[in-house]
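Engineer: Structure for the following, please:
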Amino acid sequence: MDSKFFGLSLCLIAALHSSGCQNIQSNTKVIASVFNASTTLQKKMIDKYAPQEILVQKNIMYMQQPSLTLDVYQPKNVMQLQPRPTVVWIHGGGWISGSKEHARGYFKLLAHQGYNVVSVQYQFAPQVIYPNQLLQINQALKFITEHAQEYHINANQLYLAGDSAGANLVSHYAALISHPDFARQSNITPLIKRAQIKGLILHCGIYDMNAFINTAPDELKLIEWGVFNLVQAYTGNKKDDAEFLKGISPIQYLTANYPPVLISGGNKDFLTDTQSVPFVKALMNQNIPVTEVFYPNSKEFLVHEYQFIMSKKASQQTFQQTIQFIQKYSPSVFK
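Structural biologist: Numbers count the residues shown, from 1 in each chain. Here you go, the predicted model:
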C-alpha cells in the first residue's frame, strides 16, 4: 500500500477500535476488513506491472476442502522448457485475512522470468488456529511434489516464499523440516524432504513471537492493539504464554541445516528492526547463508509490504535480488 492508504487504514482501525469492539472475533473482523481493503488496492497496483503472456491455473484443490486451493503461474512456453524451479508463495494478512491472489501481478512477473509460482490459500484465525495453517502448507507441498510432473515442476528445486504472516509461516515450516527434534516437539511431520527446498524468500516477516508482542511501538497504541489481537487469534488466546510463544518462534530453532535465506524489510516498517534484523543475526550465528535486502539510508518511504509497490526503485531492486538469489541456488537450470 502507499503511504496515504496506510494512514487511512490506521485511521479506519482507530475509529472502529474506539467504537467498543473488545473481543477477538469482532476485533479481528475489524482488522481483516482493513487488511483486505489494503490488499485489494495493492492487487490493482501490482496488476499494472504484470505481463499478460503467462499461463495461470486457478483454484486447484490440494485438500478435500473447497477453500484449500492453490494457483499456478507459469511461463507461456513452460512445456518447451525443462521442469522449472518453483516459488511456493504463502500470502500475508496477519493470520486472519488475505488471499492467494493478492500479489498475482508479482507472481506473473516471477513467471515471466522463467519460474513456476504456486500461491497457496490457507484457513484463517481465529476460526482455525495454530498449527493448522502449517499443516495445510505441509499438505500443499505434498500435493506439489506428487503432481510435479503434471505441472512441469522440478520438485527438487523449491523456494518457499512469504510476506508478513506468510513469511512467519514459511520460516516456521523451514525450521520444522530442518530440525527433526523441533518437528517432533511440535507434533508435525514434514511431508517433503529438506533437500527439496533450495531457499527461502522472506519479506516483512515475524520470526520471534515474544518480541512481536513486546516491541509493538509504544507511541502507536493502535498498532500494539492490533498486534495483540492478531497473536491472540492465531495462538488460541495464548498471547501471554511466553513459553508457548517461544515454542512457535522460528528464531529459536535455527540449525546449520536451515535453508539459505533472502530477507527484506522496509525502512518505515517497525518489523524490520525488531524482527528481520535480529533474524539475520541469528542466521549468521548458525552460519546459514543469508542475503539481506534493507534500505536504511533510502529516501523512499518503504512501508510494510513495500516489495509489492513496483513503482519504487527499492522494490525493483529487491525483485532483481530475488531473481539473482534463485539463480545462485539453482545454477544448473540456467546453463
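Engineer: can you pull out the helices in the stretch 1-150 of the chain?
Structural biologist: For the stretch 1-150 of the chain, the helices defined by DSSP state H, counting those that start in this stretch occupy 3-17, 24-47, 104-112, 132-146.
Engineer: Determine which stretch of these is the most buried.
Structural biologist: Mean neighbour count, computed with mean count of other C-beta atoms under 10 Å, is highest for helix 104-112 among the helices of the stretch 1-150 of the chain, reaching a mean of 23. No exception for glycine: its C-beta is placed from N, CA and C like everyone else's.
Engineer: what angle sits between that one and helix 24-47?
Structural biologist: 50 degrees (axes from the mean of the first three to the mean of the last three C-alpha atoms, to 10 degrees).
Engineer: how about TSV for the helices of the stretch 1-150 of the chain, with mean pLDDT added?
Structural biologist: Formatted as TSV, the entries for the helices of the stretch 1-150 of the chain read as follows, by pLDDT from 0 to 100:
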stretch	mean pLDDT
helix 3-17	46
helix 24-47	90
helix 104-112	98
helix 132-146	98
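Engineer: so which of those helices gets nearest Q327?
Structural biologist: Set against Q327 and scored by C-beta to C-beta, the helices of the stretch 1-150 of the chain come closest in helix 104-112, at 12.5 Å.
Engineer: which stretch among the helices of the stretch 1-150 of the chain comes nearest I153?
Structural biologist: Nearest of these (C-beta to C-beta): helix 132-146, 6.4 Å.
Engineer: which helices and strands sit right next to that closest one?
Structural biologist: Under the contact definition 3 or more C-beta pairs under 8 Å, 6 or more residues apart in numbering; DSSP states H and E, helix 132-146 sits against strand 69-75, strand 84-90, strand 116-120, strand 153-163, helix 165-178.
Engineer: List the strands paired with the first one, with their directions.
Structural biologist: Applying DSSP bridges, strand 69-75 is found paired with strand 54-61 (antiparallel), strand 116-120 (antiparallel).
Engineer: Return the angle between stretch directions for the last one and strand 84-90.
Structural biologist: Translated: strand 116-120. 20 degrees.
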